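Chemist: Turn this into a structure:
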Amino acid sequence: MAGASPALCPPGHRSASKVSELNAIFARLPKLGDDAETFERDIADAHAAIVPDRDPLDD
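Modeler: You can find the predicted model right below:
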């Protein structure tokens, strides 16, 4: 496709991870500590901004 912009992706090499390795990967991530509640609110606010409240019975 001529003139197409490059896809957004993280720089560097992506290595495949196995599902069995996820617990170890998550354990190495930094802990949120006192920021956990703020992070939870930020995620809820972002989700609310893109997914409007609706009654599932209307679908």
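Chemist: Now do the helices in the protein.
Modeler: 22-28, 36-50 (DSSP state H).
Chemist: Using JSON lines, lay out those together with distance to Ala16.
Modeler: C-beta coordinates here come from the backbone N, C-alpha and C atoms, glycine included. Compiled in JSON lines, the helices of the chain are given as follows (distance: least, Cβ to Cβ, whole Å):
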{"stretch": "helix 22-28", "distance to Ala16": "12"}
{"stretch": "helix 36-50", "distance to Ala16": "27"}
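Chemist: For Asp34, give its distance to Glu40.
Modeler: 12 Å (Cβ to Cβ, to the nearest Å).
Chemist: Which residue of these two possesses the greater neighbour count?
Modeler: With neighbours defined as other Cβ atoms under 10 Å, Asp34 and Glu40 compare such that Glu40 has more, 11 against 7.
Chemist: got a pLDDT number for the more buried one?
Modeler: Predicted confidence (pLDDT) at Glu40: the value is 93.
Chemist: One more: Pro10?
Modeler: Turning to Pro10, the model gives it a pLDDT of 65.
Chemist: With Asp59 instead?
Modeler: On pLDDT, Asp59 comes in at 59.
Chemist: list the contacts for Phe39?
Modeler: For Phe39, the set of contacting residues under the criterion of Cβ atoms under 8 Å, 6 or more residues apart in numbering consists of Leu32.
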